[in-house]
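Visitor: One predicted model, sequence on top.
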Amino acid sequence: MASSLKNLSDYDINAVPSAKGLQFGLVVAEWNNEITEALANGAIDTLLEHEVSKEDIFIKRVPGAFELSLGAQFFAEYTTVDAIICIGCVIEGGTPHFEYICQGVTQGITKVGLDYNIPVIFGVLTTNNLEQAQERAGGIHGNKGVEAAVTAIKMADLQEEMMDASEDE
Ligand code: DLZ
């Protein structure tokens with residue numbers, strides 16, 4: 001069971017609730033855009049497969065992964081989306097830049113979700129090289145954008161369920 005969860009790209013479509021009527025914001029980093037666009041397409045296709053209407057998917061681009069948190073915060077602050085998917089790809093170089101960006105975006109995305117009480121999903125690849133990124137953006141390790149979308153749907157559904165339950169109390 002645990003191993004079946006390692007690659008959500010091969011997930012059981014029936015185990016994911018319908019996302020009909022929900023709205024999703026995608027923040028996509030432009031750095032390594034060959035990878036991030038493949039991830040974004042994976043996420044969009046997955047949302048559509050789960051009955052999200054095209055009009056309910058909002059896409060905004062930011063320069064790099066470091067800007068994803070603020071992009072997510074703009075969605076949380078200025079829109080009515082039910083969940084936000086952050087898509088990026090940070091590839092390790094020869095300087096400590098990699099660590100700073102990864103740390104910044106991880107903490108930033110977590111903070112927006114907690115501050116705004118909204119699912120903010122970490123669809124960011126952090127890889128040693130371009131090949132590893134390609135393997136996870138539609139290659140042998142699946143498409144992590146698909147996994148991010150599945151996670152977003154599940155979290156939005158969970159939030160709805162818990163909000164409904166609290167209103168019934
Ligand atoms: C500067 C930089 C570097 C070196 N590498 C990446 C990367 O691999 N992936 C990515 O998304 N962004 C990178 N950036 C840009 C930063 O995320 C950010 O856009 C700039 O530092 C400006 O704040």
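Guide: Received it, and whenever you're ready, just let me know what you need. Residues are numbered from 1 along each chain as shown.

Visitor: Tell me the strands beside the one helix or strand residue 123 maps to, with direction?
Guide: For residue 123, the element it lies in under DSSP states H and E is strand 120-127. According to DSSP bridges, strand 120-127 forms sheet pairs with strand 83-91 (parallel).

Visitor: Would you mind pulling the contact partners of the helix or strand that comes right after the strand it pairs with?
Guide: Sequence order places helix 97-116 as the next helix or strand after strand 83-91, per DSSP H and E. If you take CB atoms under 8 Å, 6 or more residues apart in numbering as the criterion, helix 97-116 is touched by 64-66, 68-70, 72-73, 76-77, 84, 86, 88, 90-92, 118-120, 122, 124, 126. For glycine as for every other residue, the C-beta is placed from the backbone atoms N, C-alpha and C.

Visitor: now the angle from helix 97-116 to strand 83-91?
Guide: Counting by axes from the mean of the first three to the mean of the last three CA atoms, to 10 degrees, helix 97-116 lies at 170 degrees to strand 83-91.

Visitor: residues in contact with the strand holding residue 123?
Guide: With contact meaning CB under 8 Å, 6+ apart, strand 120-127 is reached by 29, 35, 39, 43, 65, 68, 72, 76, 83-92, 98, 102, 105-106, 109-110, 112-113, 132-133, 136-137, 144-145, 147-148, 151-152, 155.

Visitor: Tell me the residue of the chain that sits nearest the ligand?
Guide: Ranked by CB to the nearest ligand atom, the top residue of the chain for proximity to the ligand is residue 64, at 2.3 Å.

Visitor: wait, isn't residue 129 in contact with residue 90?
Guide: No: in this structure, residue 129 is not within contact of residue 90 by CB atoms under 8 Å, at 11.6 Å.

Visitor: Those two: who's more crowded?
Guide: Between residue 129 and residue 90, residue 90 has the larger neighbour count (other CB atoms under 10 Å), namely 23 against 10.

Visitor: wouldn't the more buried one be in contact with residue 36 here?
Guide: No: taking contacts as CB under 8 Å, residue 90 lies outside contact range of residue 36: 10.4 Å.

Visitor: So how do I select the buried members of the contacts of strand 120-127 in PyMOL?
Guide: What follows is the PyMOL syntax selecting those of these that are buried according to 16 or more other CB atoms under 10 Å:
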select buried, resi 29+35+39+43+65+68+72+76+83+84+85+86+87+88+89+90+91+98+102+105+106+109+112+113+132+133+136+137+144+145+147+148+151+152+155
